[in-house]
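Asker: can't give you the sequence, but here's the structure:
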Ligand SMILES: Nc1ncnc2c1ncn2[C@@H]1O[C@H](COP(=O)(O)OP(=O)(O)OP(=O)(O)O)[C@@H](O)[C@H]1O
Ligand SMILES: [Mg+2]
């Protein structure tokens with residue numbers, strides 16, 4: 001089952017009471033425990049009537065009942081997804097939900113529409129998803145499941161924070177719209193990943209533009225730290241967008257310099273190998289030097305030697 005399926009077929013079948021029950025279970029996430037049925041009944045004020053609601057939620061697999069524990073329930077990722085969506089719909093952020101536009105290891109991105117018709121990208125963090133799958137079978141993995149959900153919320157909060165710092169300063173990042181739980185909503189960008197761009201008209205200019213943005217971000221106190229060519233989007237008009245910021249660090253972070261060099265090395269290598277960019281304008285070299293300090297000469301050395309050997 002995909003999230004699309006849940007949104008189309010389950011979301012509409014839930015009423016306020018179901019969401020109240022989901023929220024009651026979620027409140028317990030920090031405690032990392034299964035919530036006993038009696039407690040859910042008490043928190044929601046539904047008493048034993050809660051049984052019927054729980055049964056439905058369980059049938060829909062929005063919650064699960066670990067074996068070998070006193071009767072109680074824990075939240076599933078889809079349960080948390082629908083809670084976040086419900087909040088975003090109630091806050092008039094999202095009006096309708098669309099198709100997946102990027103499904104990966106640590107996040108799923110869907111398109112959506114705002115009530116005023118703005119197209120949105122809705123990113124659901126799924127940290128630990130791969131190790132998360134078989135978790136219902138193992139009581140011992142329960143802690144981990146909860147830890148992953150909390151980690152996803154933290155990652156979303158962190159990415160949203162970066163976008164809120166960077167977007168107003170003119171860095172080419174998605175415009176942040178809202179954040180709820182493990183979900184970040186931004187405006188959509190009509191580009192493709194630069195790794196798969198079939199044609200770049202002026203690769204030197206595009207590379208410099210990316211580096212100018214890294215410099216702007218640095219000055220705003222943000223080092224991306226995971227800048228692969230899958231995290232840079234480009235339009236046919238050669239406009240770029242840098243995405244995927246949950247792992248950013250402050251320039252004062254002890255590893256910041258190393259991350260910056262790694263980001264820069266990835267970037268230079270891609271443009272060298274795929275687009276044969278071997279020389280850069282002075283302005284751009286100066287930015288690289290500002291950002292990478294000592295390592296600048298090493299980076300340039302790599303460029304030259306690779307360039308000569310083809
Ligand atoms: N604002 C946006 N506009 C258009 N497409 C987007 C936007 N944000 C993300 N995407 C698409 O979704 C994909 C995944 O987004 P992102 O890189 O933020 O998540 P991720 O954590 O890297 O996921 P993965 O596990 O696949 O690496 C992107 O590569 C891009 O194709
Ligand atoms: Mg990515």
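Answerer: Thanks, I have it. Since we're looking at a predicted model, the values are computed, not measured. Ligands and ions are numbered 1, 2, ... in the order given.
Asker: tell me which residue of this protein lies closest to ligand 2.
Answerer: Here the chain gets closest to ligand 2 at one residue, residue 244, 3.8 Å apart by CB to the ion. For glycine as for every other residue, the C-beta is placed from the backbone atoms N, C-alpha and C.
Asker: in the stretch 101-250 of the chain, where is pLDDT below threshold?
Answerer: 130-144 (pLDDT under 70).
Asker: for residue 11, grab phi and psi.
Answerer: Backbone torsions for residue 11, taken as degrees, to the nearest 10, come to phi -50, psi -50.
Asker: burial measure for whatever residue of the stretch 1-150 of the chain ends up closest to ligand 1, as a count.
Answerer: In the stretch 1-150 of the chain, the residue that lies nearest ligand 1 is residue 104 (1.5 Å; CB to the nearest ligand atom). Residues lying near residue 104 (other CB atoms under 10 Å) number 11.
Asker: and residue 121, which of the three is it?
Answerer: strand (DSSP: H, G, I helix; E, B strand; the rest coil).
Asker: in space, what's closest to it - neighbours in sequence excluded?
Answerer: Distance criterion CB to CB, 6 or more residues apart in numbering; nearest residue to residue 121, sequence neighbours excluded, is residue 188 at 4.6 Å.
Asker: hmm, back to that, setting aside sequence neighbours, what's the nearest residue to the residue of the chain closest to ligand 2?
Answerer: Leaving aside its sequence neighbours, residue 244 sits nearest to residue 231 (CB to CB, 6+ apart; 4.2 Å).
Asker: so who does the one you found touch?
Answerer: Residue 231 makes contacts with 193, 224, 242, 243, 244, as judged by CB atoms under 8 Å, 6 or more residues apart in numbering.
Asker: please report phi then psi for the second one.
Answerer: Put plainly, it is residue 224. phi -50, psi -60.
Asker: what's the answer for the third one, then?
Answerer: Dihedral angles of residue 242 (phi, psi; degrees, to the nearest 10) stand at phi -100, psi 120.
Asker: can you list the residues of the stretch 1-150 of the chain near ligand 1?
Answerer: 101, 102, 104, 105, 106, 107, 109, 121, 123 (CB under 6 Å from any ligand atom).
Asker: any idea where the helices of the stretch 151-300 of the chain begin and end?
Answerer: 203-219, 256-275, 282-292, 296-308 (DSSP state H, counting those that start in this stretch).
Asker: ok so, going back, how many neighbours does the residue nearest to residue 121 have?
Answerer: Residue 188, neighbours per other CB under 10 Å, totals 18.
Asker: how about residue 276?
Answerer: Neighbours of residue 276 (other CB under 10 Å): 11.
Asker: so what's it up against?
Answerer: residue 203.
Asker: what about it, distance to residue 299?
Answerer: Going from residue 276 to residue 299 by CB to CB, to the nearest Å gives 17 Å.
Asker: next: residue 221.
Answerer: Distance, residue 221 to residue 299, by CB to CB: 23 Å.
Asker: and for residue 119?
Answerer: According to CB to CB, residue 119 stands 38 Å off from residue 299.
Asker: who's more crowded, those two?
Answerer: Taking other CB under 10 Å, residue 119 and residue 299 do not tie; residue 299 has more neighbours (16 against 13).
Asker: coming back round to it: which one among the contacts of residue 231 gets closest to ligand 1?
Answerer: residue 244 (3.4 Å).
Asker: so what's that closest one up against?
Answerer: 107, 159, 226, 230, 231.
Asker: residue 288 now?
Answerer: Shown in contact with residue 288 (CB under 8 Å, 6+ apart): 211, 264, 280, 296, 299.
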